[in-house]
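*Asks:* need coordinates for the below:
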Amino acid sequence: MSLTRRDFARSTAVTGAGVVLAGSVGALATAPQALAATDLDGAQDAHGHPGIGYGPLHPDPDGLLALPAGFSYRVVTYSGRTRLESGEPTPSNHDGTAAFAGPRGAVLLVNNHELKGPRAGWEHPVPLTEGLVYDPAASGGCTVVEVRRDHVAEWVGIAGTSTNCAGGSTPWGTWLTCEETEDRAGQNGMTKDHGYVFEVDPADRRANRAPKPLKALGRYAHEAVVADPKRGHLFLTEDASGPNGLFYRWTPPEGFHHGRGRLRTLADDAGVLQAFRCFDSGGRFVDDLSRATRTGTVYGVDWVDVPDRDAATVPVRKQFTDGQVTRARKLEGMWWGDGGVYVVSSYAREESPVQHDGQVWFYDPRRRTLTLKVLLGTGGEFDGPDNITVSPYGGLVIAEDGEGAQHLFGATDGGRTYPIARNELNLGTESAPAYSEFTGVTFSPDGHTLFANIQEPGIMLAITGPWKRQRRG
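*Replies:* As a prediction, the model looks like this:
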């Protein structure tokens with residue numbers, strides 16, 4: 001049943017100010033002025049209470065990763081240096097990653113490689129492993145990394161895909177890898193259409209043979225996907241502009257039950273793919289998420305059917321006229337937690353109604369509301385949130401893809417932000433330094449290790465230390 005503007009306005013009038021904090025978590029309110037309050041002490045606050053975060057970051061003598069005192073890192077894979085089981089070098093441009101419990105205490109990580117266009121354009125594309133190739137002209141894909149206490153192994157999960165970006169894990173133990181491209185066969189050297197989602201099973205190599213695009217989820221510049229473990233919906237983000245991208249929901253067909261490999265059995269038009277449409281407490285349509293300038297802003301959400309999900313002639317986001325759907329610039333990473341979906345909009349510039357340096361929203365599927373949890377103002381400590389995960393120690397851990405220095409940073413349930421790591425690998429020069437973004441932030445199943453990637457050249461890191469539950473702040 002759709003939530004009408006009248007229904008939402010009525011519920012807002014009844015609940016009053018309480019609707020601002022709708023949902024099962026507190027507002028992660030990082031307003032521009034709050035960024036100056038970033039906690040760098042990590043010991044105690046002005047009231048003598050335990051501090052937030054882990055203290056200041058200490059430079060790495062090896063020039064790779066600055067961390068707080070007591071923390072350490074391990075390089076798991078390094079493009080061009082570490083090797084796959086086949087002997088070929090680890091592919092480059094690490095992106096979205098998720099961790100799964102493997103056999104005999106191992107951790108299995110599925111790692112996207114965001115490589116776009118022909119293979120000749122990359123020194124270390126994903127190897128074309130027999131039986132695992134979708135389009136032999138494409139350079140991307142994902143690898144599976146098995147981590148044990150004293151051993152690391154890596155192999156190809158899927159190859160011949162393009163621009164594999166954030167992706168997402170599923171409750172049934174698989175990985176959905178997303179192509180952030182709209183290239184068709186004959187474009188940019190491709191021999192097949194791209195812009196799809198593919199399923200990869202980290203625990204069953206045979207299940208990954210003969211890759212099949214999940215066309216029911218649409219063809220567009222996919223960024224991330226998460227699954228609602230209760231209702232079966234899949235939520236998907238689109239990282240696109242001209243016009244800005246959309247937030248989607250796919251509803252499975254009646255009688256369908258999720259499970260390993262079952263998405264591959266669906267018809268190309270199975271289920272219903274829809275884009276979201278937001279309205280404020282007064283029932284007014286919201287054209288773009290950048291309109292929200294205060295944390296705690298709550299929008300009602302309705303869903304609009306996508307006319308042609310495979311975008312045969314017109315890209316999906318262009319199939320809607322102004323006033324039909326809500327848009328946002330740089331819809332990026334997502335993570336399921338606290339009974340809903342955390343969704344990132346990395347930034348908004350001149351292409352959007354209002355500029356900002358990053359937003360994190362929370363969609364509550366039960367209430368059908370979208371709440372602004374984090375708002376990064378221009379000129380703050382952090383900018384350009386991208387990949388995201390829910391921390392087992394409270395709040396969020398966010399990978400930064402902004403200007404200048406690049407960080408992993410945390411945001412508490414109460415709104416404080418704090419640094420966790422800083423990329424110190426300078427890809428530029430001493431006079432004009434350049435640092436790659438962080439990607440693929442995810443905790444091990446036991447919560448003891450935080451895995452994250454430096455996208456270029458492509459380094460997977462395992463970070464350990466004295467993790468602690470963060471105060472709401």
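*Asks:* longest strand in the protein, by residue count?
*Replies:* For the chain, the strand that runs over the most residues, judged by DSSP state E, is strand 151-161.
*Asks:* for that one, which residues meet the burial criterion?
*Replies:* Burial within strand 151-161, assessed by neighbour count using 16 or more other C-beta atoms under 10 Å, is assigned to 152, 154, 155, 156, 157, 158, 159, 160, 161. Quick note: C-beta positions are derived from backbone N, CA and C, even for glycine.
*Asks:* can you list the residues that contact that strand?
*Replies:* 76-77, 82-86, 90, 110, 126-129, 132-138, 140-146, 175, 177, 179, 194, 196, 198, 200, 202, 205, 208, 211 (C-beta atoms under 8 Å, 6 or more residues apart in numbering).
*Asks:* swap the cut-off to 7 Å and go again
*Replies:* Under the criterion C-beta atoms under 7 Å, 6 or more residues apart in numbering, residues 76-77, 82, 84-85, 90, 110, 126-129, 132-136, 138, 140-146, 177, 179, 198, 200, 202, 208, 211 lie in contact with strand 151-161.
*Asks:* buried ones among those residues?
*Replies:* 76-77, 82, 84, 90, 110, 126-129, 132-135, 138, 140-146, 177, 179, 198, 200, 202, 208, 211.
*Asks:* please flag which of those sit within strands.
*Replies:* 76-77, 110, 140-146, 177, 198, 200.
*Asks:* can you say which two of those residues are spatially most distant?
*Replies:* 76 and 198 (23.1 Å; C-beta to C-beta).
*Asks:* part of a helix, is residue 317?
*Replies:* Yes: assigned with DSSP: H, G, I helix; E, B strand; the rest coil, residue 317 falls within a helix.
*Asks:* how much space between the residue lying closest to it once chain neighbours are set aside and residue 390?
*Replies:* Nearest residue to residue 317, sequence neighbours excluded (C-beta to C-beta, 6 or more residues apart in numbering): residue 246, at 5.3 Å. Taking C-beta to C-beta, to the nearest Å as the measure, residue 246 falls 23 Å from residue 390.
*Asks:* so which of these two has more stuff around it?
*Replies:* Taking neighbours as other C-beta atoms under 10 Å, residue 246 and residue 390 compare with residue 246 leading, 26 against 17.
*Asks:* touching, that one and residue 324? I think so.
*Replies:* No: the criterion here is C-beta atoms under 7 Å, and residue 246 misses it with residue 324 at 10.3 Å.
*Asks:* where does this structure have low pLDDT?
*Replies:* Residue ranges of the chain with pLDDT under 70: 1-50, 378-379, 414-415, 473.
*Asks:* 80 - rerun?
*Replies:* 1-51, 377-381, 413-416, 471-473 (pLDDT under 80).
*Asks:* at the geometric centre of it, which residue do we find?
*Replies:* residue 333 (2.0 Å; C-alpha atoms, centre = their mean).
*Asks:* tell me which element that residue is part of?
*Replies:* In the assignment (DSSP states H and E), residue 333 maps to strand 331-337.
*Asks:* same question for that strand: list its buried residues.
*Replies:* Neighbour count says strand 331-337 has 331, 332, 333, 334, 335, 336, 337 buried, by 16+ other C-beta under 10 Å.
*Asks:* so what strands line up beside that strand?
*Replies:* Note on strand 331-337: by DSSP bridges, its sheet partners are strand 340-345 (antiparallel).
*Asks:* what sits up against the partner strand?
*Replies:* Residues contacting strand 340-345 (C-beta under 7 Å, 6+ apart): 23, 226, 235, 237, 247, 289, 328-335, 359-365, 385-386, 388, 390, 396.
*Asks:* distance between it and the chain's centre?
*Replies:* Centre-to-centre, strand 340-345 and its host chain are 8 Å apart (C-alpha atoms, centre = their mean, to the nearest Å).
*Asks:* ok, stretch 408-423 next?
*Replies:* So, by C-alpha atoms, centre = their mean, the centroid of stretch 408-423 is 16 Å from its chain's centroid.
*Asks:* helices of the protein, start to end?
*Replies:* 5-15 (DSSP state H).
*Asks:* can you count the residues close to residue 130?
*Replies:* Counted with other C-beta under 10 Å, residue 130 comes out at 9.
*Asks:* one more: residue 72?
*Replies:* When neighbours are defined as other C-beta under 10 Å, residue 72 has 10 of them.
*Asks:* show me the contacts for it.
*Replies:* Counted by C-beta under 7 Å, 6+ apart, residue 72 has contacts 464, 465.
*Asks:* same thing with residue 291?
*Replies:* 353, 354.
*Asks:* quick one: it from residue 329, how far?
*Replies:* 12 Å.
*Asks:* could you export stretch 301-308 as PDB, CA atoms only?
*Replies:* Only the C-alpha atoms of stretch 301-308 are listed here, as PDB (Å, rounded to 0.1, in the frame of the first residue of the first chain):
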ATOM      1  CA  VAL A 301       8.300   8.000   0.600                       C
ATOM      2  CA  ASP A 302       6.100   6.600  -2.200                       C
ATOM      3  CA  TRP A 303       7.200   4.400  -5.100                       C
ATOM      4  CA  VAL A 304       6.700   4.900  -8.800                       C
ATOM      5  CA  ASP A 305       6.900   2.100 -11.400                       C
ATOM      6  CA  VAL A 306       9.800   2.200 -13.800                       C
ATOM      7  CA  PRO A 307       8.400   2.100 -17.400                       C
ATOM      8  CA  ASP A 308      11.300   0.300 -19.100                       C
END
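*Asks:* and that stretch, what's buried?
*Replies:* Buried residues in stretch 301-308, counted by 16+ other C-beta under 10 Å: 301, 302, 303, 306.
*Asks:* spatially nearest residue to residue 121 (excluding sequence neighbours)?
*Replies:* Closest to residue 121 by C-beta to C-beta, 6+ apart is residue 139, at 6.8 Å.
*Asks:* the one you found against residue 114, yeah?
*Replies:* No: under the criterion of C-beta under 7 Å, residue 139 makes no contact with residue 114, lying 9.8 Å away.
*Asks:* who's more crowded, the two?
*Replies:* Per other C-beta under 10 Å, whichever of residue 139 and residue 114 has more neighbours is residue 139, with 29 against 25.
*Asks:* how about the nearest residue to residue 384, chain neighbours excluded?
*Replies:* Residue 384 sits nearest to residue 402 (C-beta to C-beta, 6+ apart), 3.0 Å away.
*Asks:* run a quick neighbour tally on that neighbour.
*Replies:* If we define neighbours as other C-beta under 10 Å, then residue 402 has 20 of them.
*Asks:* list the residues that contact residue 274.
*Replies:* By C-beta under 7 Å, 6+ apart, the contact list for residue 274 reads 248, 249, 303, 304, 305, 306.
*Asks:* what about 10 Å?
*Replies:* Shown in contact with residue 274 (C-beta atoms under 10 Å, 6 or more residues apart in numbering): 2, 233, 246-251, 302-306, 309, 325.
*Asks:* from these, which is closest to residue 423?
*Replies:* residue 247 (28.7 Å).
*Asks:* wait, what's in contact with that closest one?
*Replies:* 235-238, 274-278, 289, 301, 303, 325-328, 331, 334, 341, 343, 345, 361, 363, 370.
*Asks:* just residue 257 next, same as before
*Replies:* By C-beta under 10 Å, 6+ apart, residue 257 lies in contact with 172, 232.
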